[in-house]
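In: okay, predicted coordinates and the sequence, questions at the end:
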Amino acid sequence: MMRQLRASTKIIMIVVAVAFVALMVFDWAMDLTGRRNGRSSTVVGTVNGRDIPLQEYERQYEGALNRLRAQDPDGSVGDEQVRQAQQMAWDNAVNLTLLQDETKRRGIHVDDDEVAQYVRTTPPAELANSPALQTDGKFDPAKWQRTLADPQFGPTLTAYEANVRQELPLRKLQAQVVAGVAVSDRELEDAYRAAQEQARVRYLYLDPAKLVPDSAVAVTDQELHAAYDSKKDAQFARKAAARISAIRWTAGTTAADTARVKAEIDSLRARIVAGEDFAELAREASQDPGSAGRGGDLGFFNRGQMVPEFEQVAFATPKDSISRAFLTPFGWHILKAGERQKDEGGLPGAERVRVQHILRRIEPSEETFAALEDSAAALQQLALAKPDSFEQVAADHGRTVERTPPFEQSAFVPGLGRVPEVAEWVFDSPVGSISDPLRSGNAVYVVKVDERLPAGYAPFEQVQDQIRRQLVFEKKLARARALEARATDLVRERGLDGAASELGLEVKSAGPFARSAQLPRIGGGNAFIGTAFGLQPGQIAGPIELADGIYYLGVTERTAADLNALAQQKEGFRQQLLQRKIQQTVDAWFKALKSEAKIEDQRARFFEVAEGDSAASDAKSPPLF
């Protein structure tokens with residue numbers, strides 16, 4: 001039986017990932033036996049005064065990064081993935097801490113008997129669905145009992161029990177949160193009708209743009225200023241901003257750069273061979289942001305998860321040996337091969353390996369940047385002599401000027417990308433200033449500040465055309481609404497087509513659509529949709545007032561929901577609705593829980609946190625229930 005289990009799927013070793021109804025945080029926060037590693041006493045933040053240990057955050061970060069890596073065909077890790085993993089790890093740490101604290105606050109706990117009973121009767125879903133534990137296509141409890149008694153299953157059983165011990169309190173928390181959530185027969189029928197009923201309509205829209213010519217409305221300066229004053233807080237408030245012109249010199253790599261980095265990695269390898277600790281050197285010298293902090297540890301991976309150049313060396317290097325230096329698209333590497341394991345559930349003979357590695361990226365040399373900075377400095381001096389001819393000076397020297405739209409202060413500059421050095425200088429410099437060469441990323445910039453916009457409100461002159469368009473539409477809409485009585489008479493007397501012809505409009509069609517539809521321009525969940533499902537084919541209704549004007553509609557086709565079909569799938573559909581209501585309940589509960597929590601993010605004490613990451617991230621419900 002154990003052989004059959006191993007051959008069927010990768011379930012034996014992944015049972016430790018089983019969690020509270022799709023809760024996938026335990027395997028991010030614990031090792032394979034469920035033990036918490038208390039190696040570090042430092043903390044990366046607090047939740048309601050409870051510390052989040054650095055080690056726990058690192059484990060969650062590693063799990064998040066591995067999942068992102070698995071989504072990429074070549075298993076690569078870029079800056080954006082690192083930022084995503086940082087935020088995912090932080091959110092998971094905060095969410096798990098909140099949930100565990102809530103179980104303690106409510107006095108929720110489990111005892112050994114509960115854990116044992118659960119394990120005896122409830123295998124992980126992955127195992128329950130395995131043919132090895134099924135008879136005639138159904139889960140066979142007797143086979144599960146024999147599996148539990150098999151000595152070969154012992155290590156996995158220990159891991160599963162540890163996870164269950166953490167899972168059950170959260171299951172009890174779930175039960176309390178969603179207690180009383182149910183779906184009545186009336187709700188069931190209404191939801192089924194909303195999902196299955198269809199309507200097709202023809203409609204007439206009293207389009208203000210067509211009914212009222214531009215010459216028929218006028219907007220005075222007094223009206224423009226009054227509208228600006230009334231709307232400026234909601235529409236026109238802004239932070240400090242700037243516009244700039246920039247000249248860019250991009251640094252490229254050369255054969256000499258490749259040789260230089262190869263010499264660096266060879267030197268590191270020699271130090272390791274001479275007895276220095278691989279992990280310490282990885283922390284000191286590796287340029288892989290995803291693994292350097294863990295001593296270069298990449299964890300276990302299978303074939304096909306890394307770029308071919310890396311995979312070939314990883315699987316060819318004997319355990320505890322240091323590889324030769326080798327090149328991948330990311331740069332020069334050396335690795336130390338670690339433990340190998342059979343890939344349970346994979347192809348016969350398949351295995352996975354755990355390695356540590358050191359990466360040195362091939363980047364432009366300081367000499368390359370120095371040459372670019374010399375060129376940039378020479379052009380800057382010419383531009384300083386003719387500040388009003390910045391673009392012409394650039395063109396005379398074969399350079400292109402990049403102009404930005406207004407942007408608020410951040411590390412990101414439109415058109416240039418993430419250039420914090422540039423942004424910092426811009427907001428510290430007056431209009432007309434021309435910068436010294438600014439090195440940011442793989443480029444050097446000379447920048448001129450074209451405009452500085454202080455925090456406050458967009459100037460009236462800048463937005464008056466926008467306000468004018470709004471007021472013109474509002475006035476046309478008022479004129480169109482004044483035609484409502486006449487349009488209503490025309491629709492009654494001559495139908496939609498006759499009224500449209502008389503008014504110089506056209507009748508449009510929509511559908512088939514359900515009650516939950518979002519129609520172009522019309523939207524959803526409004527009087528138009530409700531009216532469509534309140535009419536029978538051939539009937540016409542109106543006027544129907546929406547925010548953008550008046551509508552008349554006629555139903556051309558209605559398809560009723562088949563309630564007999566509902567009877568056949570009633571319980572399945574009820575469960576779908578119940579899960580939706582449960583998730584909505586959980587979302588609202590967790591949002592309230594998180595909004596009331598005092599969350600302090602201290603990660604910046606240890607490493608750079610990508611901009612936009614914060615403890616005040618949206619209180620989205622974790623995948624819990």
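Out: Yes, it's here.
In: mind saving the C-alpha coords of the host helix or strand of residue 479 as PDB?
Out: Secondary structure assignment for residue 479, by DSSP states H and E: helix 460-482. Written as PDB, here are the backbone C-alpha positions of helix 460-482 (Å, rounded to 0.1, in the frame of the first residue of the first chain):
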ATOM      1  CA  PHE A 460      -8.200  76.600 -12.000                       C
ATOM      2  CA  GLU A 461      -6.600  77.300 -15.400                       C
ATOM      3  CA  GLN A 462      -5.400  73.700 -15.600                       C
ATOM      4  CA  VAL A 463      -8.800  72.100 -15.000                       C
ATOM      5  CA  GLN A 464     -11.300  74.600 -16.300                       C
ATOM      6  CA  ASP A 465     -11.800  72.700 -19.600                       C
ATOM      7  CA  GLN A 466     -12.600  69.600 -17.600                       C
ATOM      8  CA  ILE A 467     -15.000  71.500 -15.500                       C
ATOM      9  CA  ARG A 468     -16.600  73.100 -18.500                       C
ATOM     10  CA  ARG A 469     -17.200  69.700 -20.100                       C
ATOM     11  CA  GLN A 470     -18.800  68.500 -16.900                       C
ATOM     12  CA  LEU A 471     -21.100  71.500 -16.700                       C
ATOM     13  CA  VAL A 472     -22.000  71.300 -20.400                       C
ATOM     14  CA  PHE A 473     -23.100  67.700 -19.900                       C
ATOM     15  CA  GLU A 474     -25.100  68.500 -16.800                       C
ATOM     16  CA  LYS A 475     -26.900  71.300 -18.600                       C
ATOM     17  CA  LYS A 476     -27.600  69.100 -21.600                       C
ATOM     18  CA  LEU A 477     -28.800  66.400 -19.300                       C
ATOM     19  CA  ALA A 478     -31.200  68.800 -17.700                       C
ATOM     20  CA  ARG A 479     -32.500  69.800 -21.100                       C
ATOM     21  CA  ALA A 480     -32.900  66.100 -22.100                       C
ATOM     22  CA  ARG A 481     -34.900  65.400 -18.900                       C
ATOM     23  CA  ALA A 482     -37.200  68.300 -19.800                       C
END
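In: after that helix, next one along is what?
Out: For helix 460-482, the succeeding helix or strand toward the C-terminus, using DSSP H and E, is helix 484-503.
In: please enumerate the helices of the stretch 301-450 of the chain.
Out: 308-316, 366-385, 390-396, 420-426 (DSSP state H, counting those that start in this stretch).
In: centre of the chain to the longest one, how far?
Out: Centroid displacement of helix 366-385 relative to its chain, using Cα atoms, centre = their mean, to the nearest Å, is 40 Å.
In: hmm, who's touching the helix holding residue 479?
Out: Residues outside helix 460-482 that contact it (Cβ atoms under 8 Å, 6 or more residues apart in numbering): 206-209, 211-212, 214, 216-217, 219, 223-225, 227-228, 231, 235-236, 545, 548-550. C-beta coordinates here come from the backbone N, C-alpha and C atoms, glycine included.
In: so among those, which ones count as buried?
Out: 206-208, 211-212, 217, 219, 224, 227-228, 236, 548-550 (16 or more other Cβ atoms under 10 Å).
In: winner for burial among the helices of the stretch 301-450 of the chain?
Out: Across the helices of the stretch 301-450 of the chain, the average number of neighbours (mean count of other Cβ atoms under 10 Å) peaks for helix 420-426, which reaches a mean of 19.
In: using CSV, write out every CA atom in it.
Out: Below are the C-alpha coordinates for helix 420-426, written out as CSV (Å, rounded to 0.1, in the frame of the first residue of the first chain):
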residue,chain,number,x,y,z
PRO,A,420,15.1,57.1,-6.2
GLU,A,421,18.3,59.2,-6.6
VAL,A,422,16.7,61.2,-9.4
ALA,A,423,13.4,61.8,-7.5
GLU,A,424,15.2,62.8,-4.3
TRP,A,425,17.3,65.4,-6.1
VAL,A,426,14.3,66.8,-8.1
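In: which neighbouring elements make contact with that helix?
Out: Contact here means 3 or more Cβ pairs under 8 Å, 6 or more residues apart in numbering; DSSP states H and E; on that basis helix 420-426 packs against strand 241-250, strand 412-413, strand 438-440, strand 443-453.
In: what's the least confident stretch among those?
Out: Note on the helices and strands packed on helix 420-426: strand 412-413 shows the lowest mean pLDDT, a mean of 82.
In: where exactly do the helices run in the stretch 151-300 of the chain?
Out: Counting by DSSP H, counting those that start in this stretch, the helices of the stretch 151-300 of the chain are 154-177, 185-196, 208-211, 221-231, 255-273, 278-285.
In: looking at the ones you listed, which is closest to residue 377?
Out: Nearest to residue 377 among those is helix 255-273 (22.3 Å), distances taken as Cβ to Cβ.
In: which residues touch that closest one?
Out: Helix 255-273 has contacts (Cβ under 8 Å, 6+ apart) with 278, 281, 285, 322, 324-325, 327, 331-334, 336, 358, 360-365, 368.
In: ok, now with 10 Å
Out: 251, 253-254, 276-278, 280-282, 284-287, 322-327, 331-334, 336, 358-365, 367-368 (Cβ atoms under 10 Å, 6 or more residues apart in numbering).
In: what about those, which are in strands?
Out: 326, 327, 331, 332, 333, 334, 336, 358, 359, 360 (DSSP state E).
In: where's the closest residue to residue 288 other than its chain neighbours relative to residue 82, distance?
Out: Spatially, and ignoring its direct neighbours in sequence, residue 288 is nearest to residue 359 (4.2 Å; Cβ to Cβ, 6 or more residues apart in numbering). Between residue 359 and residue 82 the distance is 13 Å, computed by Cβ to Cβ, to the nearest Å.
In: which one of the two is surrounded by more residues?
Out: residue 359 (24 against 18; other Cβ atoms under 10 Å).
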